[in-house]
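Asker: Quick one: sequence plus predicted model below, questions after.
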Amino acid sequence: MNDEIDSLEAELAALAPRDLSPQLAGRIAAELEQEGPAPLRRWRLGQVLAAIAVGAVAASAVAAAWLWRNDQRTAQADSPAAPIALPVATAFDPALPSVWTFRRAADEPAGQLDGLLDRHSGRTRLEQPHYVQIRGFGASDVERNDLLGEL
Amino acid sequence: MRSFFFVCLLLVGLACPALSAAQNPFQRTPLAENAALQYWQAFAQMQSLDKDQMKVLEEWNTVSLDDPAVKKVLDAGQSSLMYLHRGARMKQCDWGLDYGDGISMLMPHLAKARDLARLAALHGRQEFERGSPKLARGDATSIMVLARHVGRDPTMICVLVRFGIEGLAVDLFAPHVTELKAPYSQAVAMFEALPPAPGVLQTLVVEKNYFAAWIAKKLREEEARQPGAGLTLWKNFVLGADVPEAIKQLKIEEAIRRTEELLPVYDELAKLVALPKDQFDAQYPAFIQKAKEANPVAGLIVPAVDQLLAKERRHQARLAMSMAATAVAEGGPDKLKDIKDPFGDGPFTYRQLDKGFELQSKLLFEGQPVTLKAGQGAKK
């Protein structure tokens, strides 16, 4: 048993690597020449990292845009189909702090503007509106009072 | 190449917070840096006042601080004052007014801001009385900033309310000017650091484009929408006993035409307002008389600019005198030699009082010289 092994060992020990063929050595040399010097290889590594970074930026932007669009869609879906412009009658309602009522008070003698500010602070009872209704379906008094908040 | 790589990394760094902000609704966005949001929280925290408490705010400058209602008002107003000071620290303020609403535009913040300023003035007065001038000075500063934030919108009313609120700060500050021991240069620097605010001149563009032009446009639109609706709208404009009958009886086409013809008047008015005071005073009466004769609607729509300018000048004089009072408190009446009355050729006139002193400007308001009493609240 041992003799057989010894002979195999001897045979294996006799094996030696073959020399590279000149063609193979030439091909390897050509490949190495094509890859260029070390800085050039680092530049390629940089390119790969930059591509990853740009990809990350793009992915972030896409994700942010997607989230933003979702928010917008939610807001749009929730908004009622109510008008968003103030009815013109608002200007003449003395119960509301409109530019027109303030302007009229400012043109009056001293004290009128302070009186109006007091009224809109809730200090004195608001006058009943006596303006002419401009539209048949203008904002109701309740809606207008809502605009006042806690005034 | 290396720099390109770092730029890419920087972009990733910038994108990540944006992404996390989009995902985290609890993170403050730049929109939160709006003082108006703080002020509205202050308004919301102001409780409904009973009659006695309303009187306390209205008479903040004279009411006895021993009045139990004063304590109630101040105790209830602590949160509001905190939000006021927060808002006053912010540089930006946008009340979100929509000028597209024209003369219908609502400005509910004006009355609230005036009351908040009164609350702060009452608190400041109490702090002065307690011997805490630094805390009182904080109140006065916040009142001034609130006034500038209210006055940032170039409308006549916002400008007038600004004058009123800044006037509160002067009324709070002047009696105690000797206690503050603030150098004049510091007072001037603080004043100049306040947010800018438009004056009467800057409001004329808004008056023209968003109010006068808006009225003409709205009359036209209403009449086009439904014949007769424009005239109904016009009747709302001319409500009131002081409006001449000839204007009330105008037909809609003429009302629109007359209103549109007023637009160039605003441009001429702006040139007039930009003139020095003596030239404006000399030219304005003839100008407005001519404008009203040529177009009676002018009396209804064009603002009484002479009255507004008179209020603006009185306010400017009082502000200048309040700073001059600081100089007197710092270095005596001789300091006035270096400070010019903006409405005269020389310094303010100084008069010693039993308690404190009085400064007087050459400016006349309603026939009387504009004056400021200072230092009368000082403790012995």
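Answerer: Done, it's in. Numbers count the residues shown, from 1 in each chain, chains lettered A, B, ... in the order given.
Asker: Name the residues that touch stretch B:132-143?
Answerer: Residues outside stretch B:132-143 that contact it (Cβ atoms under 8 Å, 6 or more residues apart in numbering or on different chains) are B:81, B:84-85, B:87-88, B:117, B:120-121, B:123-125, B:127-128, B:165-166, B:168-169, B:172-173, B:176, B:179-182, B:190. Just so you know, the C-beta spots here come from the backbone N, C-alpha and C atoms, and that holds for glycine as well.
Asker: ok, now with 6 Å
Answerer: B:84-85, B:88, B:117, B:120, B:123-124, B:127-128, B:168-169, B:172-173, B:179-180 (Cβ atoms under 6 Å, 6 or more residues apart in numbering or on different chains).
Asker: Considering the residues you listed, which possesses the most neighbours?
Answerer: Highest neighbour count within those: B:Ala120, with 30 neighbours (other Cβ atoms under 10 Å in any protein chain shown).
Asker: On the C-terminal side of the helix or strand where that residue lies, identify the next helix or strand.
Answerer: Per DSSP states H and E: B:Ala120 is located in helix B:109-130. Using DSSP H and E, the helix or strand that follows helix B:109-130 in sequence is helix B:133-150.
Asker: circling back: closest to A:Asp6 among the contacts of stretch B:132-143?
Answerer: Closest approach to A:Asp6 among these (Cβ to Cβ): B:His85, at 98.6 Å.
Asker: quick one on the thing from earlier: nearest to chain A, of the contacts of stretch B:132-143?
Answerer: Distance to chain A across the contacts of stretch B:132-143 (Cβ to the nearest Cβ) is lowest for B:Ala117, with 11.0 Å.
Asker: Verify the stated contact: that closest one with B:Ile165.
Answerer: Yes - using Cβ atoms under 6 Å, B:Ala117 is in contact with B:Ile165, at 4.5 Å.
Asker: Just read off the phi/psi values of residue 50.
Answerer: This is for chain A. Main-chain torsions, A:Ala50, degrees, to the nearest 10: phi -60, psi -40.
Asker: Chain B is the one I meant
Answerer: Dihedral pair for B:Asp50: phi -80, psi -180, per degrees, to the nearest 10.
Asker: Count residues in the vicinity of it, would you?
Answerer: Neighbours around B:Asp50, by other Cβ under 10 Å: 12.
Asker: Can you give me every residue that contacts it?
Answerer: Applying Cβ under 6 Å, 6+ apart, we find B:Asp50 in contact with no residue.
Asker: Can you pull the poorly scored residue ranges out of the stretch 201-350 of chain B?
Answerer: By pLDDT under 70, the low-scoring segments of the stretch 201-350 of chain B are B:241.
Asker: Spell out which residues of it are next to chain A.
Answerer: The stretch 201-350 of chain B has residues B:Lys218, B:Thr232, B:Leu233, B:Lys235, B:Asn236, B:Ala304 near chain A, with proximity defined as Cβ under 6 Å from any Cβ of the partner chain.
Asker: at 7 Å what do you get?
Answerer: Counting by Cβ under 7 Å from any Cβ of the partner chain, the residues of the stretch 201-350 of chain B close to chain A are B:Phe211, B:Lys218, B:Ala229, B:Thr232, B:Leu233, B:Lys235, B:Asn236, B:Pro303, B:Ala304.
Asker: Residues that sit against both of B:Ala117 and B:Ile165, list them.
Answerer: B:Ile143, B:Leu146 (Cβ atoms under 7 Å, 6 or more residues apart in numbering or on different chains).
Asker: care to break chain A down by domain?
Answerer: As assigned by automatic domain parsing, chain A contains the domains A:2-78, A:88-148.
Asker: Where does B:Val243 sit, in terms of helix or strand?
Answerer: With DSSP H and E as criterion, B:Val243 is part of no helix or strand.
Asker: and it, backbone torsions?
Answerer: Phi and psi for B:Val243, reported as degrees, to the nearest 10, are phi -90, psi 130.
Asker: any idea which helix or strand carries the nearest residue to B:Lys208 once chain neighbours are set aside?
Answerer: Nearest in space to B:Lys208, with sequence neighbours left out and distances taken as Cβ to Cβ, 6 or more residues apart in numbering or on different chains, is B:Tyr266 at 3.7 Å. Using DSSP H and E, B:Tyr266 maps to helix B:263-273.
Asker: So which other helices or strands are in contact with the very next helix or strand once past that helix?
Answerer: The element immediately downstream of helix B:263-273 (helix or strand, assigned by DSSP H and E) is helix B:277-294. When contacts are defined as 3 or more Cβ pairs under 7 Å, 6 or more residues apart in numbering or on different chains; DSSP states H and E, helix B:277-294 sits against helix B:263-273, helix B:298-301, helix B:305-331.
Asker: can you list those helices in CSV and add mean neighbour count and distance to B:Leu49?
Answerer: Listed next are the helices and strands packed on helix B:277-294 as CSV, based on neighbours: other Cβ atoms under 10 Å in any protein chain shown; distance: least, Cβ to Cβ, whole Å:
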stretch, mean neighbour count, distance to B:Leu49
helix B:263-273, 17, 39
helix B:298-301, 20, 36
helix B:305-331, 21, 27
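Asker: Select, out of those, the one closest to B:Met54.
Answerer: helix B:305-331 (25.1 Å).
Asker: Residues of the stretch 51-200 of chain B that sit close to chain A?
Answerer: Neighbours of chain A within the stretch 51-200 of chain B, by Cβ under 7 Å from any Cβ: B:54, B:101, B:103-108, B:110-111, B:114-115, B:155-157, B:160.
Asker: Perfect, that will be all.
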